[in-house]
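# Mind folding the following:
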Amino acid sequence: MARANNGRRKWCSYKRTALIMCSINVGFALYVVNFLCTSLYTYSYRDSPDAVVEYTPDQIRRMEESIRLRKTSEPVKLIKLVKAIENEILSEEITVALPKHLKQKIADEILERLRMLSNDADSSQQQEAVESWRKEKLEETERLALGETSNSTLLPEEAGMLARALKSNWRQLSEEVGLWIPDEIDNEEHDDKPEGATDPDEEVLPGRPLPPECHAEYHADYGGAAVRWGLTHPKESAFECCQACLDQARRAKPGEMKCNIWVYCPQETGCHSPDIYQHRHMECWLKYAEKPKVTFKDKYSEAYRRSHPNAPEIVPWIAGVVTA
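Numbers count the residues shown, from 1 in each chain. All right, here's what the predicted structure looks like:
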């Protein structure tokens with residue numbers, strides 16, 4: 001009986017129990033590894049470019065129908081419009097810094113081209129003349145880039161910068177050289193003041209009274225090439241703005257544009273203008289035009305206000321044409 005108990009103790013020893021448990025764990029681990037390897041091989045085969053997947057005719061028909069419906073439902077016109085807007089924005093973001101002497105040269109050439117027009121030329125003819133100059137200048141820069149002989153006064157490096165500015169940044173360049181040709185607008189003038197009455201704005205305009213040589217016109221705006229950029233040229237009053245124009249004309253060097261137009265913003269809330277800038281109180285623009293022409297007078301027309309909803313009814317600027 002004692003021997004039988006000793007046999008049972010040997011069979012149920014801790015070593016045998018541990019060995020059995022280890023065998024079970026090893027077997028389970030081998031099963032898991034085999035399962036993972038089999039799954040990996042299966043997915044790799046499915047993702048392989050050489051794997052051939054067979055579809056039924058009905059599945060192929062449904063896929064073709066789905067592709068056709070997606071193509072017909074695409075907003076093609078909207079996509080093209082968005083791409084065109086993106087290209088325009090990207091082109092406007094490209095800025096080319098031109099040296100000051102080159103900007104002055106551009107302004108002189110454009111002004112000379114405009115002087116060749118007749119005195120009764122309208123804004124569309126002026127725009128055509130400027131666009132013709134731009135195309136000719138682009139052709140000139142392209143010839144210089146190809147190394148062709150030319151009587152151009154531009155240097156090769158200047159030609160490259162100017163070509164980029166004329167192609168991708170013409171709007172900003174035209175503003176920097178002071179070029180602004182307004183659209184042709186028919187303004188209807190209404191004089192409903194009683195006879196002998198004075199303009200109330202003349203009585204409340206701050207600053208010293210304007211002298212006769214300023215030829216001040218209330219509620220008026222004149223176009224022309226910018227001699228002094230108004231956004232960075234504030235003056236305390238219309239008198240000081242007119243005086244700045246007279247002083248610039250007297251001190252201008254030979255060959256420089258002489259101010260003969262001054263435009264001032266007397267409104268504390270700012271003044272409207274058909275450009276991209278926000279014009280503030282006390283802005284003083286000094287301009288030049290061989291034949292000064294008023295662009296806005298008294299009231300903005302109904303057609304203009306329909307196309308510019310933010311425009312006020314009354315022209316806020318005060319301007320004048322002086323003689324050098």
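
# how near is residue 248 to residue 224?
Distance, residue 248 to residue 224, by Cβ to Cβ, to the nearest Å: 13 Å. Using the backbone N, CA and C atoms, a C-beta is placed for each residue, glycine as well.

# From residue 174, how far off is residue 320?
25 Å.

# likewise residue 255?
Counting by Cβ to Cβ - residue 255 and residue 174 are separated by 21 Å.

# mind listing the strands in the stretch 101-250 of the chain by residue range?
Under the criterion DSSP state E, counting those that start in this stretch, the stretch 101-250 of the chain contains strands at 216-218, 220-222, 225-228.

# Could I get the ones you listed in CSV, plus columns for distance to residue 26?
Converted to CSV, these look like this (distance: least, Cβ to Cβ, whole Å):
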stretch, distance to residue 26
strand 216-218, 103
strand 220-222, 95
strand 225-228, 90
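
# Quick check: which of these is nearest to residue 130?
Closest approach to residue 130 among the strands of the stretch 101-250 of the chain (Cβ to Cβ): strand 225-228, 11.4 Å.

# Residue 107: which of the strands of the stretch 101-250 of the chain is closest?
strand 225-228 (6.4 Å).

# Tell me, please, where in the chain the pLDDT is lower than the cut-off.
Low-confidence segments of the chain (pLDDT under 70): 1-14, 36-53, 87-97, 119-121, 147-152, 168-169, 175-204, 324.

# Which stretches in it count as helices?
2-11, 14-47, 57-73, 76-93, 100-115, 123-145, 156-168, 170-176, 200-204, 238-251, 302-307 (DSSP state H).

# tell me the angle the fifth one makes with helix 156-168.
By that I understand helix 100-115. 60 degrees (axes from the mean of the first three to the mean of the last three Cα atoms, to 10 degrees).

# Packing partners of helix 100-115?
helix 123-145, helix 156-168, helix 170-176, strand 225-228 (3 or more Cβ pairs under 8 Å, 6 or more residues apart in numbering; DSSP states H and E).

# tilt between that helix and helix 123-145?
Orientation check (the same axes, to 10 degrees): helix 100-115 against helix 123-145 gives 130 degrees.

# What residues sit buried inside helix 100-115?
102, 103, 105, 106, 107, 110, 111, 113, 114 (16 or more other Cβ atoms under 10 Å).

# Turn those into JSON lines, columns for distance to residue 299.
Supplementary listing: the buried residues of helix 100-115 in JSON lines, determined by distance: Cβ to Cβ, whole Å:
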{"residue": "102", "distance to residue 299": "40"}
{"residue": "103", "distance to residue 299": "35"}
{"residue": "105", "distance to residue 299": "39"}
{"residue": "106", "distance to residue 299": "35"}
{"residue": "107", "distance to residue 299": "32"}
{"residue": "110", "distance to residue 299": "31"}
{"residue": "111", "distance to residue 299": "31"}
{"residue": "113", "distance to residue 299": "33"}
{"residue": "114", "distance to residue 299": "28"}
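
# And the furthest pair within these?
So, those by Cβ to Cβ: farthest apart are 102 and 114, at 19.0 Å.

# Neighbours of residue 289, how many?
Residue 289 is flanked by 16 other residues according to other Cβ atoms under 10 Å.

# and what of residue 261?
25.

# residues in contact with it?
Taking Cβ atoms under 8 Å, 6 or more residues apart in numbering, we find residue 261 in contact with 222, 224, 245, 285-289, 292, 319-322.

# and the closest residue to it other than its chain neighbours, what are its bridge partners?
With Cβ to Cβ, 6 or more residues apart in numbering as the criterion, residue 261 has its nearest non-adjacent residue at 4.0 Å, and that residue is residue 287. Residue 287 has these beta-bridge partners by DSSP bridges: residue 226, residue 261.

# Hmm, residue 287 is touching residue 262, no?
Yes: the pair residue 287 / residue 262 is scored as a contact, 7.5 Å apart, by Cβ atoms under 8 Å.

# re the thing from before, now the strands of the stretch 101-250 of the chain in a markdown table, with distance to residue 300 and mean neighbour count?
Listed next are those as a markdown table, based on distance: least, Cβ to Cβ, whole Å; neighbours: other Cβ atoms under 10 Å:
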| stretch | distance to residue 300 | mean neighbour count |
| --- | --- | --- |
| strand 216-218 | 15 | 20 |
| strand 220-222 | 10 | 22 |
| strand 225-228 | 22 | 21 |
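
# Of these, give the one that comes closest to residue 161.
Residue 161 sits nearest to strand 225-228 of all the strands of the stretch 101-250 of the chain, at 21.3 Å, using Cβ to Cβ.

# Give me the helices and strands touching that closest one, please.
Using 3+ Cβ pairs under 8 Å, 6+ apart, the elements in contact with strand 225-228 are helix 100-115, helix 238-251, strand 284-288.

# Tabulate the ones you listed (a markdown table), appending distance to residue 298.
Below are the helices and strands packed on strand 225-228 laid out as a markdown table (distance: least, Cβ to Cβ, whole Å):
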| stretch | distance to residue 298 |
| --- | --- |
| helix 100-115 | 27 |
| helix 238-251 | 17 |
| strand 284-288 | 19 |
